[in-house]
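Colleague: structure of the sequence below:
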Amino acid sequence: MKGPCKIHFMDGAKDSLHQAASDIPGDAKVAIAGISRLIERLAEGIQLHSPEQFRKEAGLPNGRPFFAVRTRNGLRCYGWYSVKTPGTFVVSHFRYKKRGPLAKKDTQLVVSNFRRYENG
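Modeller: Numbers count the residues shown, from 1 in each chain. Below is the predicted model:
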């Protein structure tokens, strides 16, 4: 999606941000500020640098993808563009992950949140 969008945080998403940030070596406040800036840029419609900052991760039950907003220090925000509320990026949860493939538990959590939001 291009252009500005609203940001909706699923229940528990902000709690997962603080947990993920606490797992990062170094200053958690810096990590939170970095991911917050990227999410603000996404909301303002500013294109993030793909795939370093914004990357397609996997598919959702409706065939559309979900994405990871990523910082250099490994903090990630997983979410999708809503079909139920067009113009909204829904944040599922945050995770600290330096490298490696998408974890199955992250996919499962995004799909679970997707079903609750889009079908609820």
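Colleague: okay, now the unreliable bits of the protein?
Modeller: Where the chain drops to pLDDT under 70, the residues are 1-2.
Colleague: residue with max distance from the center of it?
Modeller: For the chain, the residue at maximal distance from the C-alpha centroid (CA atoms, centre = their mean) is Gly26, at 21.3 Å.
Colleague: mind checking how far the residue nearest to it when sequence neighbours are not counted is from Glu118?
Modeller: Nearest residue to Gly26 in three dimensions, chain neighbours excluded: Asn73, at 7.1 Å (CB to CB, 6 or more residues apart in numbering). C-betas here are computed from N, CA, C, even on glycine. Computed with CB to CB, to the nearest Å, the distance linking Asn73 and Glu118 is 31 Å.
Colleague: again with Glu52
Modeller: As judged by CB to CB, Glu52 and Glu118 stand 28 Å apart.
Colleague: run through the strands of the chain in chain order.
Modeller: 6-9, 54-59, 65-70, 75-81, 88-96 (DSSP state E).
Colleague: how about those strands, which one is nearest Ile32?
Modeller: Comparing the strands of the chain against Ile32 with CB to CB, the closest turns out to be strand 75-81 (7.9 Å).
Colleague: show me what counts as buried in the closest one.
Modeller: Buried residues in strand 75-81, defined by neighbour count with 16 or more other CB atoms under 10 Å: Leu75, Arg76, Cys77, Tyr78, Gly79, Trp80, Tyr81.
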